[in-house]
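> Got a sequence here, can you model it:
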Amino acid sequence: MSLAFPLALLLLPLPFLVRRFLPSKAATPASLTVPPGAFAAALPAGVRDDGAGAALLIGAWIALVVALAGPRVATTTDLVTASGREILLALDLSGSMVAEDFVLDGKPLMRLDAVKRVASRFVRSRKGDRIGLVIFGDRAYVAQPPTFDVNSVATAIETAQIGISGRSTAISDGLGLAAKRLTVSEATSKVVVLLSDGVDTSGKVRAADAAELAARHGIRVHTIALGPADLESAPQSRDAVDAATLRAVAAAGGGESFRVRTMDDLEAMAEALDRLEPNPMRRPPTQVWRDLWVWPGAAALALALLVAVRRAP
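Next up, the predicted model:
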């Protein structure tokens, strides 16, 4: 326990100092001297000076000064404070996400299922951040507006289905919509995490140009190129990812680009993002003070009421 205002304890001797040093009112000389206890028997029982009243006043004063000193105890809380960061995940739901070229526990796993496992866990670990989800295929739309309810965003990721936004890969549209949403945000840190396993087919705006525009508005863009093959190493592959374009997007957006070919790569990517965008849940526990002044304050009030009752006729 500690005191918020320990100097308030210097007030404790104040009544005694006042009584000791202030001049008392001169008494009128009496023509008749009687013993001090002669009138005590004639006083009502409630106002007899038996020392209890003085003790009550002293106790009330001590309790009041202790309350003014602000006793308190420190406690820790699991409450995670807001980070001031807003993250929008732009998730590719094109037809190629059905490819089963990931392996988990020795069994083939669809790309989308691999992403769901890692992305939902990543989102749930970001309490304190505002997280949103943009889904794109032929077109892009906001599947979950930015919110502190990270569990609802994780659920939106886990229930996402291929085909609801078309089966093409409109990377520019997905990035542009996410950046547009963040442009009007008042967050101190704005981040887009763009995940794609294909080639941009929107043809309206170059993805790198969209990322450069986002960077001008203070938005960082990280990209994830998903899939075992890319256009550089396997240009004839039907499901090859345009890793070079995604690297250019990240460079233009001031972020990092990740090449993900396996589940291990996917896990490492999530850990790297946590380092790039510090996780608010990894901060030290928040310390808060629990004030205790109400107890000595209540004691002072109770003692003052007792003094008043004793003095009542």
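
> tell me the helices in the stretch 51-200 of the chain, going along the chain?
52-69, 111-124, 150-158, 171-183 (DSSP state H, counting those that start in this stretch).

> got those as CSV, with mean neighbour count and mean pLDDT columns?
Any C-beta I mention is one placed from the backbone N, CA and C, and that applies to glycine too. Listed next are those as CSV, based on neighbours: other CB atoms under 10 Å; pLDDT from 0 to 100:
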stretch, mean neighbour count, mean pLDDT
helix 52-69, 17, 86
helix 111-124, 21, 89
helix 150-158, 19, 92
helix 171-183, 25, 90
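
> Relative to Glu271, which of the ones you listed is closest?
helix 111-124 (9.2 Å; CB to CB).

> what's that closest one in contact with?
89, 91, 93, 96-102, 104, 131, 150-151, 153-155, 157-158, 160, 162, 195, 197, 226-227, 263, 266-267, 269-270, 273-274 (CB atoms under 8 Å, 6 or more residues apart in numbering).

> May I see the helices of the stretch 51-200 of the chain organised as TSV, with distance to Arg216 added?
Below are the helices of the stretch 51-200 of the chain laid out as TSV (distance: least, CB to CB, whole Å):
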stretch	distance to Arg216
helix 52-69	54
helix 111-124	27
helix 150-158	27
helix 171-183	10
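
> Out of the ones you listed, which is closest to Gln236?
That would be helix 111-124 among the helices of the stretch 51-200 of the chain, by CB to CB, at 19.4 Å.

> quick one on the thing from earlier: buried ones among the contacts of helix 111-124?
Among the contacts of helix 111-124, those scoring as buried are 89, 91, 93, 96-97, 99, 101-102, 131, 150, 153-154, 157, 160, 162, 195, 197, 226-227, 263, 266-267, 269-270, 273 (criterion: 16 or more other CB atoms under 10 Å).

> Ok, which of the helices of the stretch 51-200 of the chain comes nearest Ala304?
Closest to Ala304 of the helices of the stretch 51-200 of the chain is helix 52-69 (CB to CB; 4.8 Å).

> how far does the closest one sit from the chain's center?
Computed by CA atoms, centre = their mean, to the nearest Å, the chain-centroid distance of helix 52-69 equals 42 Å.

> just to revisit the earlier point, among the contacts of helix 111-124, which are located in strands?
Counted as lying in strands by DSSP state E, out of the contacts of helix 111-124, are Leu89, Leu91, Phe102, Leu104, Ile131, Leu195, Leu226.

> of those, closest to Arg139?
The nearest member of the ones in strands among the contacts of helix 111-124 to Arg139, counting by CB to CB, is Leu91 at 13.5 Å.

> thought that closest one was touching Ile135?
Yes. The criterion here is CB atoms under 8 Å, and Leu91 meets it with Ile135 at 5.4 Å.

> who touches both of the two?
Common neighbours of Leu91 and Ile135 (CB under 8 Å, 6+ apart) are Ala160, Gly174.

> if we can go back for a sec, show me which of the ones in strands among the contacts of helix 111-124 has the smallest pLDDT value.
By pLDDT, Leu104 ranks lowest within those, coming in at 78.

> picking up where we left off before, right, and the helices of the stretch 51-200 of the chain - which one's nearest Thr245?
Here helix 171-183 is closest among the helices of the stretch 51-200 of the chain (CB to CB), at 7.5 Å.

> What helices and strands are in contact with the closest one?
Judged by 3 or more CB pairs under 8 Å, 6 or more residues apart in numbering; DSSP states H and E, helix 171-183 is in contact with strand 85-92, strand 130-136, strand 140-147, strand 189-196, helix 207-216, strand 219-226, helix 243-252.

> and the second one, what does it pack onto?
The elements that strand 130-136 packs onto, with contact taken as 3+ CB pairs under 8 Å, 6+ apart, are strand 85-92, strand 140-147, helix 150-158, helix 171-183.

> Please render the ones you listed as TSV that adds distance to Ala211 to the earlier fields.
Formatted as TSV, the helices and strands packed on strand 130-136 follow (distance: least, CB to CB, whole Å):
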stretch	distance to Ala211
strand 85-92	11
strand 140-147	15
helix 150-158	22
helix 171-183	6
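
> looking at it, Gly297 is touching Ala69, isn't it?
No. Here Gly297 does not reach Ala69: they are 11.0 Å apart, not a contact under CB under 8 Å.

> tell me, what's touching these two both at once?
With CB under 8 Å, 6+ apart, Gly297 and Ala69 have no common neighbours.
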